[in-house]
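> When you get a sec, could you give me coordinates for this:
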Amino acid sequence: MNVVDILKKQVSHRPIGTFLIILLTYSALIAAVISTVLKTTSPQVSVAIYAWGPMTSAGATVWLLDESIHDWLGQLRNLRVGIHWYIAGVAMMIIGTEFETLMVLFLHGDVTAPAAPLGTYAFLFGVTLFFAGALEELGWRGFLQPRLQQQFSALWASVGISVLWGLWHVPMILAGLGNFTVFWEYMLNITMMSIIFGWLYNTTHAALPVVMITHASHNMPPIGSPTDEIPAVFNVLSGDAMILLVCAVLIVLYTEPQTLIREGTLPAPPGKGIDNTVSTSGSTTN
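This next block holds a predicted model:
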């Protein structure tokens, strides 16, 4: 038995731990490279390379587990779900981003729109979807979510992912890369988004493109920019955080915390080649 075989045997008992070790190693190395070799490189390039961490870690873990890379990546082909899921995901993100602007309009204030050239929105959406942040979902939802749901409820799995997701961004926050709010509010946003993304992933039975497009839509700059003073309530909690909080709470109330779906079964970890689904009652069937 060679070293690779021994390593694969150990990994088979700790797939989530292996993912975390690879993610930590990759992220630390890339953060070091960004602060030295890539110090003068475009921030967008640095952020994109760092964002590949969850995807790279998931792919490496799937390979070490001798599971199917093809099936894991095959989640990207799950495009044909109802268009209403795409609309629902994108709408929640855009309403959150624009909520403060909408309130200023409601109060008859002045708003400038669009806040950026139209080409900027298309460019940033495309870069995020195909090269940067949205690719994280191959790790967060496409790998971790279904595996954690074998041990915990879907709600707690989503919350656990949000903690990792938020802390994983800390090196980028410290490097001044990205548009981050006050840290506690940022963590609140991440937690609510993780619940929403977990719901979308489970409800569409692993339609990863729905989650990725929703993720990319949240990384867009605002469409409108208030020129009048925004309501004081947004000094306490941003409009984005308010909408995400309301949406996440409604999802939990509407579905079951155990599964974050109304009916059916949870998606199994892709690539394992077994029928391992969880019913809405929380039981596992093999």
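> quick one, what contacts the closest residue to Leu148 other than its chain neighbours?
Nearest residue to Leu148 in three dimensions, chain neighbours excluded: Ala157, at 3.7 Å (CB to CB, 6 or more residues apart in numbering). C-betas here are computed from N, CA, C, even on glycine. Contacts for Ala157 (CB atoms under 8 Å, 6 or more residues apart in numbering) come out as Leu144, Gln145, Leu148, Gln149, Gly198.
> ok, the closest residue in space to the first one that isn't next to it in sequence to Ser194 distance?
So that's Leu144. Computed as CB to CB, 6+ apart, the closest residue to Leu144 that is not its neighbour in sequence is Ile161, at 5.5 Å. In this view, Ile161 and Ser194 are 5 Å apart by CB to CB, to the nearest Å.
> Return the residues in contact with Leu124.
Here Leu124 is in contact with Asn219, Met220, Pro221 (criterion: CB under 8 Å, 6+ apart).
> can you pull the contacts of the spatially most central residue of the chain?
Centroid-nearest residue in the chain, with CA atoms, centre = their mean: Glu137, separated by 5.1 Å. Glu137 sits next to Pro54, Phe197, Leu208, Val211, Met212, His215 when contact means CB under 8 Å, 6+ apart.
> in this protein, which spans are strands?
Using DSSP state E, the strands of the chain run over 111-112, 225-226, 277-278, 284-285.
> okay, now the closest residue to Asn219 other than its chain neighbours: neighbour count?
Once flanking residues are discounted, Asn219 sits nearest to Thr128: 4.6 Å by CB to CB, 6+ apart. A count of neighbours around Thr128, defined by other CB atoms under 10 Å, yields 25.
> need the contact list for Arg147.
Arg147 is in contact with Pro15, Ile16, Pro269, counting by CB under 8 Å, 6+ apart.
> so how far is Ile161 from Leu64?
In terms of CB to CB, Leu64 sits 21 Å off from Ile161.
> Those two: who's more crowded?
Ile161 (23 against 19).
> hmm, back to that, with distance to Ile243 and neighbour count as extra columns, can I get the contacts of Arg147 in JSON lines?
Formatted as JSON lines, the contacts of Arg147 follow (distance: CB to CB, whole Å; neighbours: other CB atoms under 10 Å):
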{"residue": "Pro15", "distance to Ile243": "35", "neighbour count": "20"}
{"residue": "Ile16", "distance to Ile243": "31", "neighbour count": "15"}
{"residue": "Pro269", "distance to Ile243": "31", "neighbour count": "24"}
